[in-house]
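*Asks:* sequence below, structure please.
(chains A and B)
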Amino acid sequence: NAGVTQTPKFRILKIGQSMTLQCTQDMNHNYMYWYRQDPGMGLKLIYYSVGAGITDKGEVPNGYNVSRSTTEDFPLRLELAAPSQTSVYFCASSEGGGLEFGPGTRLTVT
Amino acid sequence: GDSVTQMEGPVTLSEEAFLTINCTYTATGYPSLFWYVQYPGEGLQLLLKATKADDKGSNKGFEATYRKETTSFHLEKGSVQVSDSAVYFCALRTNTGNQFYFGTGTSLTVIP
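*Replies:* As a prediction, the model looks like this:
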């Protein structure tokens, strides 16, 4: 049981490039989330999903897109990277209890 | 809307000191409450939780009691260790179970 896995662990992007952050969970959780954590700050919700085929915006969705074609996978897409998107990104899942977090992806946009 | 407010840090304590990190919340109905811990360079891990009023969550010597009358969920530990140095986040899960709200985190450093 690997829990929540995220790839890549680190990435440097140039302004205007695009990329997809991968997130997979093997716990059959219906709820999945993407958060960003800026240095010295708390977590801000980007998008979440309550099940396959259903997604919804969180606090800070601008500049991001998600899809949820399967229960296991919840990728986060950055289309036109901007320096303001430099952050650590955490994926998490839940099934009625607390959140299980992945190890995070550290993204730098220069 | 729902929100969590927690004590600002950073907090620096000597080993074996008593720890309190305050957390209050605003929510409709009866949310579930959580404390998460984040060690340097790692993701967040669930430390403890409480799902209804007067419940006490506990783990690794940490405790927190769900107080509905004061809308609080303060984290306490009687004797901290250097290994407790981390950032602690208070969080709530809404009534509907769909969304989680986090406090801004409190950084704790324990010195020998």
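*Asks:* tell me where the chain has strands.
*Replies:* Assuming you mean chain A. For chain A, the strands defined by DSSP state E cover A:4-7, A:10-13, A:19-25, A:31-37, A:43-51, A:54-57, A:64-66, A:76-78, A:87-94, A:100-101, A:105-109.
*Asks:* that's the wrong chain, I meant chain B
*Replies:* With DSSP E, the ranges of strands along chain B come out as B:3-6, B:11-14, B:19-21, B:23-26, B:32-38, B:44-50, B:56-59, B:62-65, B:75-77, B:86-93, B:100-102, B:106-111.
*Asks:* quick one: strands adjacent to the second one?
*Replies:* In the sheet containing strand B:11-14, its partner strands are strand B:106-111 (parallel), by DSSP bridges.
*Asks:* check the first one too.
*Replies:* If you go by DSSP bridges, strand B:3-6 pairs up with strand B:23-26 (antiparallel).
*Asks:* give the contact list for A:Thr55.
*Replies:* Contact analysis of A:Thr55 by C-beta atoms under 8 Å, 6 or more residues apart in numbering or on different chains lists A:47-49, A:66-68. Heads up, the C-betas are built off the backbone N, CA and C, glycines and all.
*Asks:* could you rerun that using 10 Å?
*Replies:* A:Thr55 sits next to A:32, A:34, A:47-49, A:61, A:65-68, A:74 when contact means C-beta atoms under 10 Å, 6 or more residues apart in numbering or on different chains.
*Asks:* save the residues you listed as CSV, and put in distance to chain B and pLDDT too.
*Replies:* Output for these, formatted as CSV (distance: C-beta to the nearest C-beta, whole Å; pLDDT from 0 to 100):
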residue, distance to chain B, pLDDT
A:Met32, 11, 96
A:Trp34, 12, 97
A:Tyr47, 11, 96
A:Tyr48, 7, 95
A:Ser49, 10, 96
A:Pro61, 14, 97
A:Asn65, 19, 97
A:Val66, 15, 98
A:Ser67, 18, 96
A:Arg68, 14, 97
A:Phe74, 14, 98
